[in-house]
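Asks: what follows is a protein structure lacking sequence information:
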C-alpha cells in the first residue's frame, strides 16, 4: 500500500468519524426539540458525507477505501455516543419502585437529590414510587445508591425533552414565537 493510499484511508476514516458523530449529536438535538442547532449540524454532516462518499465512489479500484469508509462509520457511531454521554447536559427522570422507599428517599436527599414520593399498593403489598429529575451524568450514582439500599428495587430511566423545571416560561414562549409555534 502506497503512502498516498494510506493517507487517503486515514482521511476517509477521520472524515466519517466526524460526520457520523455529528449525525449522532444532531439526532440528540432533534429529540430535544432544538431544530436550529440540528439543522446546522445536519448541513455540515451532509457536506462532509458528500465529499467522502464521492471520493470513495470515484476510486472503486481501491477496495480499501470502502473498508475505511465502513470503519469510519462504525467508529463514528461509537464516538458520537461517547461525546453525547460526556458532553450531554440532558436531564433524565429516574423512577424507583421500592419496598424501602422512605429509607431510600432519605438517602437520596442526603446525597443532594430532590425526590418526590408516592405511596401505592402492588401485588405483594405497599410500595413506594420515587421520582427524581437528574442530569444524565448522575443517573448511574442514583441507580447504584438505590440498588445498595434495596437490591430488589425496580428502576426506570427516561429522557426529558422539556420540563417546567428546566426552562422558564418566558424562554419557552420566546422560542415558540421565534419558530412560529403557537400553543
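Replies: Arrived safely, thanks for sending. No experiment lies behind these values; they were computed from the predicted model shown.
Asks: quick check: which element contains residue 18?
Replies: helix 3-31 (DSSP states H and E).
Asks: and the closest residue to residue 103 other than its chain neighbours, how far from residue 94?
Replies: Residue nearest to residue 103 in three dimensions, not counting chain neighbours: residue 149, with 5.9 Å by CB to CB, 6 or more residues apart in numbering. C-beta: built from backbone N, CA, C; applies to glycine. Look at residue 149 and residue 94: by CB to CB, to the nearest Å, they are 14 Å apart.
Asks: between those two, who's got more neighbours?
Replies: residue 94 (21 against 18; other CB atoms under 10 Å).
Asks: can you spell out which helices and strands pack onto the strand ranked longest in the chain?
Replies: Secondary structure of the chain read by DSSP state E shows that its longest strand is strand 125-135. Packing partners of strand 125-135 (3 or more CB pairs under 8 Å, 6 or more residues apart in numbering; DSSP states H and E): strand 91-98, helix 101-110, strand 116-122.
Asks: 10 Å instead?
Replies: strand 91-98, helix 101-110, strand 116-122, helix 136-149, strand 154-159 (3 or more CB pairs under 10 Å, 6 or more residues apart in numbering; DSSP states H and E).
Asks: JSON lines for these, including distance to residue 40 and mean pLDDT?
Replies: Output for the helices and strands packed on strand 125-135, formatted as JSON lines (distance: least, CB to CB, whole Å; pLDDT from 0 to 100):
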{"stretch": "strand 91-98", "distance to residue 40": "23", "mean pLDDT": "92"}
{"stretch": "helix 101-110", "distance to residue 40": "38", "mean pLDDT": "94"}
{"stretch": "strand 116-122", "distance to residue 40": "37", "mean pLDDT": "92"}
{"stretch": "helix 136-149", "distance to residue 40": "23", "mean pLDDT": "91"}
{"stretch": "strand 154-159", "distance to residue 40": "22", "mean pLDDT": "90"}
